[in-house]
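Engineer: missing the sequence, but the structure's below:
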């Protein structure tokens with residue numbers, strides 16, 4: 001068997017980026033995982049590489065195991081994080097820094113990558129998360145998942161089932177058209193500082209969560225209750241710079257908003273919708289998580 005070509009190996013990069021981002025919720029960490037995965041491939045001898053029947057499978061296994069280790073340490077790191085931690089948002093493919101990013105580094109946007117989905121994944125154990133993503137999203141058989149996670153196939157099946165129940169229990173997704181209408185109406189009401197209109201668009205039990213990472217000001221804890229959220233948002237926009245613009249954008253495959261000042265993205269807003277109202281607002285303000293958003 002001959003050694004796989006460079007193009008064959010590098011063609012797996014996008015798959016690995018997509019996998020690692022869903023597992024970690026951070027594109028920066030996903031890129032580090034992929035770099036480490038390729039580094040391990042090239043530390044193998046030529047004979048070892050030639051003996052691997054499926055280079056793509058080998059790379060996926062290594063990347064998944066690195067992610068599994070990182071997920072354990074991530075819990076410790078996020079306990080030290082200043083304020084609330086929200087997964088890093090990614091823009092629509094056409095908006096990545098004006099299209100300057102290699103397509104292999106872009107994340108494929110689908111239901112398994114929206115912010116609501118990733119937030120639920122954060123509540124899972126590392127093993128649950130890896131088993132669920134590998135099987136339900138990337139369609140790996142439980143026998144292969146078991147080799148990666150270090151459990152039996154039956155145990156992995158149970159992990160994925162438990163994760164699936166959490167996902168189903170947390171979601172009553174709205175149609176894209178309905179979410180677009182709600183987000184657009186929310187934008188108009190917010191810009192007009194119309195508290196009554198905002199309250200009408202928000203679920204009575206709505207929650208708003210901000211992530212500043214200690215680098216910019218954000219609410220230290222989630223704000224709960226539709227009326228409280230509406231009043232807080234009106235206060236926020238009242239203190240915003242005069243040149244701040246709210247733009248409708250796709251955030252992790254869902255209708256969302258982006259706040260820009262002088263052409264620079266300063267916040268990304270993701271939403272969850274149920275029963276015809278907004279139930280969750282996630283405001284990502286940490287500048288380290290906004291580097292891939294357009295500057296125009």
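Structural biologist: That came in fine, so what should we check first? As the structure is a computational prediction, the values presented were derived from the model and not from experiment. Numbering: from 1, shown residues only.

Engineer: for residue 38, what are its contacts?
Structural biologist: 9, 59 (CB atoms under 8 Å, 6 or more residues apart in numbering). Any C-beta I mention is one placed from the backbone N, CA and C, and that applies to glycine too.

Engineer: to the chain's geometric centre, what's the distance from the lengthiest helix in the chain?
Structural biologist: Looking across the chain with DSSP state H, the single longest helix is helix 55-79. Counting by CA atoms, centre = their mean, to the nearest Å, helix 55-79 is centred 16 Å from the centre of its parent chain.

Engineer: apart from its chain neighbours, what residue comes closest to residue 26?
Structural biologist: residue 88 (4.9 Å; CB to CB, 6 or more residues apart in numbering).

Engineer: how far away from the center of its chain is stretch 161-168?
Structural biologist: With CA atoms, centre = their mean as the basis, stretch 161-168 stands 18 Å off its chain's centre.

Engineer: now that stretch: buried residues?
Structural biologist: Neighbour counts over stretch 161-168 (16 or more other CB atoms under 10 Å) mark 163, 167 as buried.

Engineer: before we move on, back to that, got the contact list for the residue nearest to residue 26?
Structural biologist: Listed by CB under 8 Å, 6+ apart, the contact partners of residue 88 are 25-28, 284, 289.

Engineer: give the other helices and strands that whatever helix or strand comes next after the longest helix of the chain contacts.
Structural biologist: Using DSSP states H and E, the helix or strand that follows helix 55-79 towards the C-terminus is helix 115-122. Here helix 115-122 touches helix 153-170, strand 264-274, strand 277-284, going by 3 or more CB pairs under 8 Å, 6 or more residues apart in numbering; DSSP states H and E.

Engineer: how about 10 Å then?
Structural biologist: For helix 115-122, the elements it packs on are helix 13-24, helix 55-79, helix 126-132, helix 153-170, strand 254-261, strand 264-274, strand 277-284, judged by 3 or more CB pairs under 10 Å, 6 or more residues apart in numbering; DSSP states H and E.

Engineer: how far does the lowest-mean-pLDDT helix or strand in the chain sit from its chain's centre?
Structural biologist: Across the helices and strands of the chain, mean pLDDT, DSSP states H and E gives its lowest value to helix 6-10, namely a mean of 78. Averaging C-alpha positions (CA atoms, centre = their mean) puts helix 6-10 27 Å from its chain's average.

Engineer: in that helix, what counts as buried?
Structural biologist: By 16+ other CB under 10 Å, the buried positions in helix 6-10 come out as residue 9.

Engineer: before we move on, the earlier item: which one of the helices and strands packed on helix 115-122 lies closest to residue 202?
Structural biologist: The closest approach between residue 202 and any of the helices and strands packed on helix 115-122, judged by CB to CB, belongs to strand 277-284 at 5.2 Å.
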